[in-house]
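S.K.: here you go, sequence then predicted model.
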Amino acid sequence: MKINIEYCTIWNYEPRARSLREDLISTFKDEFNILDIKLIEGERGVFEVSVNRGLKVFSKKKTGRFPISSVEVSQAIRDAITEGRLWQES
């Protein structure tokens, strides 16, 4: 599974992104043979989490807030798996 966390460097969202990355590694390390979580530098206040081919599972732009916790993002990923959206083209 590929997970991208795009974060704003101007607003110093990197610590949040790194923390989320570590939590997601802990959560999913035993569930997937390949787990690739990348931090992507962005701007304009972004904090976006997407999986595989770009399926957004969390968007600060859309919600107007950061994830309440890594559990919110983990659950969004699990929901995408359950609903079969994870493996579709985005």
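M.R.: Good, I have the coordinates.

S.K.: only C-alpha atoms for contact and neighbour calcs from this point on.
M.R.: Will do.

S.K.: could you give the average pLDDT over the longest helix belonging to the chain?
M.R.: Taking DSSP state H as the criterion, the chain has its longest helix at helix 14-28. Per-residue confidence for helix 14-28 averages out to 97 on the pLDDT scale.

S.K.: for that helix, buried residues please.
M.R.: Along helix 14-28, these residues count as buried under the neighbour rule (16 or more other Cα atoms under 10 Å): Glu14, Ala17, Leu20, Arg21, Asp23, Leu24.

S.K.: could you pull up the residues touching the fifth one?
M.R.: Under the criterion of Cα atoms under 8 Å, 6 or more residues apart in numbering, the neighbours of Asp23 are Ser70.

S.K.: circling back to that earlier point, for the helix or strand following the longest helix of the chain, enumerate the helices and strands it packs against.
M.R.: Towards the C-terminus, the helix or strand next in line after helix 14-28, according to DSSP states H and E, is strand 36-42. With contacts defined as 3 or more Cα pairs under 8 Å, 6 or more residues apart in numbering; DSSP states H and E, strand 36-42 has these neighbours: strand 2-8, helix 14-28.

S.K.: compare these and give me the one nearest Gly45.
M.R.: Distance to Gly45, taken as Cα to Cα, is lowest for strand 2-8 among these, at 5.1 Å.
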